Structure formats: structure tokens, C-alpha cells
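1. Pasting a predicted model and its sequence here:
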Amino acid sequence: MNTRSPSTRVVRRWPGWGGTVGAVTFYCLSFTPSLIPRAWWLQALAAGVTALVGYTVGAIVQWVVEVCGARPSARVTRVSWIVLGVLAPIAVVAVTARSVAWQDDLRRLMGMDPHIRWWQWTLVPIVALLLCVVFVTIGRAIRLGTRTASRALAYVIPPRIALTGSVVLAVVLIVGLVQGYLLPGILGFAEASASLADSGTSAGIVQPSLPTLSGSPASLEPWDSLGSKGRDFIGQAPSRSQIVAFSNSPAMNPVRVYVGLKSAPTLAARAQLAVAELVRTGAFQRKVLVVFATTGSGWVNENLAKPLEYMYGGDSALVALQYSYLPSWISFLTGGEAADAGQALFDAVYAHWATLPEAARPRLFVSGESLGSFATEEAFGGKLPAMAANSNGGLLIGPTQSNPMWRSVTNGRDAGSPVWRPVYQDGSTVRFAQAASDLASPNGPWDSARVAYLENGSDPVTWWTEDLIWERPQWLDNPRAPDVSGDMSWYPFVTFWQVTCDLAAADSVPDGHGHRFGTTPAAAWAAVAQPPGWNASDTARLEHLLAQEALAH
């Protein structure tokens, strides 16, 4: 006959009342709006994990209450379960119905079809429950192993020390398993898969014949060594005839240099190869030279690359370097590769550029998107004065919370400006925008070395941080960004996981929202590096051309 009280059993047969209340409460909170409209499967993932967190919190609270001796009577416990059994289904149905309206409103805010399919939304509680059951089962198995180890150790050491030792042992084993076996294995598999994809070539991309492009027969860089993203970057360069058709003026074939990961064994060697390619192509004799920091896989956004080529009639040079096969979200886990690559490429280019007569060298700009913006900042030690002093300016889009310069400028913004559209030192050097018109504010002087950030109020890539677990973010203060729902609230743990799930959908929204910037980089480049004679109508025509080219691809 088992005489143990329920609180001392290794694993309870059913979840406790406190854990169940916590799970239902957090489950309901997970349906509240976040930054990005959610597909049903993302809502199910958010709800399942959030419910697990709520279960854990509730179970801990119940355990503390019981340890303190405030155990309810059998009658109170029975009534509590009845009340919970009635209210929980009502709450789940009510919040599911309300969430459809929330999602519709958020979709309207971003110009999307506001209607979601009801039958898909009904799958959410089913999938969420399955996920929660799986996670709880894993957690209980760990708890069972910990208690079993504790009881075994209690034969030779005091029970309290045995329990502490078993918990520490469990943590060490789990962390060791994840870091020592699972994470390296996952990263290794991801890199192997990505390297295979890197050997492919996108449809319509062919080896160039122009000597102004890397990978051509005249190039120091073989076409095969560029990698998939490098071949895309080179293969989409506009030709002289395309630029002439746009400007109705004489033009040149632009220079594009790219160095792939396979081109040289070390980062320093690849950076020097990039400089050699720039010298070979005559890049240092062009009017403008842009150093791009790529995303993890080596990608450069064409809407970020092409504008200056059209603005300057092809009298331009662009250079980029690949440092990883992995996409950005995985590259963040692998250390400072991006920072090292950004600094190595810029330092190598700058070292040669600085030796040229000031009147004869090109205007030098820097640019990057997402992880590329982080790498660009790191080339200057994360310092705005260093970027302004050692370049003619830059355009950075979709910054992350890890960006040191962005974080410093945002935290040091002028009083009264919101975190999602900061004004720093009256906009004299750096300005922030979601729409192109934002760059005109504040109405004051903008130095010759101009730096611009494009960031969307609803971009989870910019606003995700682990601080969301315990701290309300400033971007939820009023006034809010125009595409952030007024119904969004902050809840400990819940909002963190909601925004984490938003990362998966950051590119699934229309341009100008989430992590999508459309053709706005054209207007931003016009503000940062506008050539003589360029005007607003030229920018509008260029944005239209970029939009048409994007549709063609």
C-alpha cells in the first residue's frame, strides 16, 4: 500500500491544479497579438510552448504553497477542479474566437487579406496540446531520473545534498549532451547541407564575359568558386545597355567583385583577393565604391546593390565576401565570423583606397542587411564617429539587437524620440527610417558623411532580445510604430516566445513591414549618396524599375 503523500511522489498521475491553471492562462495569453500576423501552425507552436512555460510556473507556485503548509482541503480541491473544468474550455474557445479578430486587424494594418481560415484555427488547440504533452513528458522523465538518482545517493550522503547533487548532475548531463553532441551535430549537418546548396546556380544566372565582373574569363576568381549567392550577385549586375535605357545617358558597365568561401583558405587571403580583383577591374577609378557585408550565406539584396549602379550611370564598384555557408539565424550561433569578415574586407579595401590621391579616389560607402549590418558596424568597432571618419557614409537595413553601433545610438537618442524612430544628435550624422520620407526628419543639417538605417516597427529581427522574458520593451510605449498593433501587450515569458515565433514569419508580410524593405533602399541611397542632378522623380522611376525586376525574378 502506497502511503506517500501526493507531493512526494516521483511523478504524479495527472497534472496538478496549479500547473493546469498556469498552462491554461499562458495558453490564452499566447493568442494575443504580437508583431507579425501568424499562420495557424505558428500559433500552435507559440501556444504549446507558452502553455508549457505556464504549466511550469503554476507547478512551482503550487509546490511552494504546499511546502509552506497551505495545502487545501479535499473539498476545496474538488470544487477547484470543477470550476477549472468549466472555465478552462470557455476561456480557450473565447480567446480563440477573439484571436481571429486580432489577427484580422493586424493583417489589415499590413495591407494583407484580413480573412483567415477557421478550420485551420481549430487545429491550434489540438497541435498545441500534443506539443505540450510531449514537452511535459520529457520534463517528467528528467524529473524522474533526478529523483531516482537522488534516492540512490541518499544511501551514502545526506538527502538534501543528494537532491542538490542529482539536480546538478542532470543539468551537467543535459548541457553536455546539447553542447557536446546535439548542437555540433546539428550545426555540422546544417553546414554540410548548406555547402551542397552553395554549389548550385540559380535559374537564369550564367557566367559573365565582361572583365568588370568577378567570375569572368579575365577574373582572378573562378566562376565555380563564387558560391551560389556569389553567382547570383554577379549574374544580376545590370549591363551598360540596361543603365542607358533607364537614364537615357551614356553609361559604363559597373564593377562587381565577389570572393567566395572556397576561393582561399583564410579570411585574410580572401580579403586580399577581393582587393586584387578591385584593382584588376579598375574599381578604384570609379566614382563610387561600396563595401558590402553579406548575410550568413553570402547573400546581398539586389535592391540594396543596384540603386547606386543606376544612379551613377554604372560608374560604380561593389565588393562583397562570403564567410559562411549557413543562413544568418544559424550563423549567429557560430561566433564572430560575421564581425571578423566585415572588418577584414573593409580594412583591406580601405588600406589600398587610403593610398590614392584624395581627389582621384572614389567615394567610399559601406552597406549591409540584417547580420550584414552587424558585420558592417563591427568593421568600425561599433563606433559611429569611426564610420563617419573613415568612409563617406553607409546604409544599414534590418539591424539586430546585437548591432553595437545601432544599440549605442538608439540608447543615446535625443529626448522625446521613440525607440523605433530615434533622433540622434539632431540627425546630424545618422538618421532612421521606415518610409523614405522619414529621412527628411529632423529638418536640420545632415553631414556629408551620412549614415542611414532602415528599420521597420514590426521587424522581429530588430526587436527580438532575451530581455523580453522579464522586461517590457520600449517599442510598446506610446506612440507606437504605425504597423504595431495597439492591442499588443507585454507578458513575462509569453511575449518573448511570441516574438521568437514572429522571426519565422518575418519575411511573409508585404514590403515595408516585418523584415521586408522592398525598394525603399533606392530612396535611402538617394539621401545618403545622391549624385549631382539626381531628383525625386528619378528615385520614383528607379523604385518602379527595381519592383519590375523583382517580379521578373
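-> Looks like it came in fine. Since the model is a prediction, treat every value here as computed from it, not as a measurement.
2. what does the helix or strand F432 falls within contact?
-> F432 belongs to strand 430-433 when assigned by DSSP states H and E. Contact partners of strand 430-433, identified using CB atoms under 8 Å, 6 or more residues apart in numbering, comprise 384, 409, 421-424, 438-439, 441, 446, 450-455, 520, 524, 527. C-betas here are computed from N, CA, C, even on glycine.
3. Now restrict those to buried residues only.
-> 384, 409, 421-424, 438-439, 446, 450-455, 520, 524, 527 (16 or more other CB atoms under 10 Å).
4. Identify each buried residue in the longest helix seen in the chain, please.
-> In the chain, taking DSSP state H as the definition, the longest helix is helix 74-109. By neighbour count on 16+ other CB under 10 Å, the buried set for helix 74-109 is A88, V92, V95, T96, S99, V100, W102, Q103, D104, L106, R107, L109.
5. and if you look at stretch 121-139?
-> Result for stretch 121-139 [16+ other CB under 10 Å]: buried residues W121, V124, P125, V127, A128, L129, L131, C132, F135, V136.
6. try stretch 51-63
-> Using 16+ other CB under 10 Å as the test for burial, stretch 51-63 gives A51, L52, V53, G54, Y55, T56, V57, G58, A59, Q62.
7. Not counting residues beside it along the chain, what's closest to the residue nearest in space to the middle of the chain?
-> Central residue of the chain (CA atoms, centre = their mean): V461, 3.2 Å from the mean position. In this structure, V461 finds its nearest non-sequential neighbour in H515, 4.9 Å apart by CB to CB, 6 or more residues apart in numbering.
8. what about that neighbour, helix or strand, and which?
-> Short version, using DSSP H and E: H515 is in no helix or strand.
9. burial count for it?
-> Residues near H515, counting by other CB atoms under 10 Å, number 23.
10. For the stretch 451-553 of the chain, which segments count as helices?
-> Listed in chain order, the helices of the stretch 451-553 of the chain (DSSP state H, counting those that start in this stretch) span 460-463, 494-504, 520-529, 536-552.
11. now swap in the stretch 1-150 of the chain and tell me
-> Counting by DSSP H, counting those that start in this stretch, the helices of the stretch 1-150 of the chain are 17-29, 40-67, 74-109, 118-121, 123-153.
12. Tell me how far the second one lies from the chain's centre.
-> Offset of helix 40-67 from its chain centre (CA atoms, centre = their mean, to the nearest Å): 26 Å.
13. do the same with the longest one
-> Computed by CA atoms, centre = their mean, the chain-centroid distance of helix 74-109 equals 32 Å.
14. tell me the contacts of the residue nearest to V461?
-> Here H515 is in contact with S370, G398, N456, D459, P460, V461, A506, D507 (CB under 8 Å, 6+ apart).
15. Could you check how far the first one is from A218?
-> Think S370. Note on S370: its distance to A218, by CB to CB, to the nearest Å, is 33 Å.
16. pLDDT below threshold where in this structure?
-> 1-14, 140, 142-147, 149-199, 325-335, 553 (pLDDT under 70).
17. Could you rerun that using 50?
-> 1-11, 335 (pLDDT under 50).
18. Pop the domain breakdown of it in here.
-> Using automatic domain parsing, the domain ranges for the chain come out as 6-153, 199-456+517-552.
19. still on that earlier bit, how about the helices of the stretch 451-553 of the chain, which one is nearest I36?
-> Nearest of the helices of the stretch 451-553 of the chain to I36, taken as CB to CB: helix 494-504 at 4.2 Å.
20. counting contacts, what elements does that closest one pack onto?
-> helix 40-67, helix 460-463 (3 or more CB pairs under 8 Å, 6 or more residues apart in numbering; DSSP states H and E).
21. Using a markdown table, please lay out those together with distance to V288.
-> Formatted as a markdown table, the helices and strands packed on helix 494-504 follow (distance: least, CB to CB, whole Å):
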| stretch | distance to V288 |
| --- | --- |
| helix 40-67 | 42 |
| helix 460-463 | 27 |
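22. Tell me where the stretch 201-350 of the chain has strands.
-> Using DSSP state E, counting those that start in this stretch, the strands of the stretch 201-350 of the chain run over 255-259, 288-293, 316-321.
23. just those: most buried one?
-> Scoring the strands of the stretch 201-350 of the chain by mean neighbour count under mean count of other CB atoms under 10 Å gives strand 255-259 as the most buried, with a mean of 30.
24. Of the domains of the chain, give the one that comes closest to Q498.
-> Per CB to CB, nearest to Q498 of the domains of the chain: domain 6-153, 3.9 Å.
25. Off-centre distance for the closest one?
-> 27 Å.
26. tally of neighbours for G416?
-> 6.
27. what sits against S249?
-> For S249, the contacting residues are G313, by CB under 8 Å, 6+ apart.
28. One more: the one 3 residues further on?
-> M252 makes contact with R240, I243, G313, G314, D315 under the criterion CB under 8 Å, 6+ apart.
29. Surely the second one and L308 touch.
-> Spelled out, it's I243. No. Counting by CB atoms under 8 Å, L308 is not a contact partner of I243; they are 11.2 Å apart.
30. follow-up on the earlier one: turn the contacts of H515 into TSV, columns for distance to T266.
-> Conversion of the contacts of H515 to TSV gives the following (distance: CB to CB, whole Å):
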residue	distance to T266
S370	25
G398	29
N456	37
D459	34
P460	35
V461	30
A506	33
D507	33
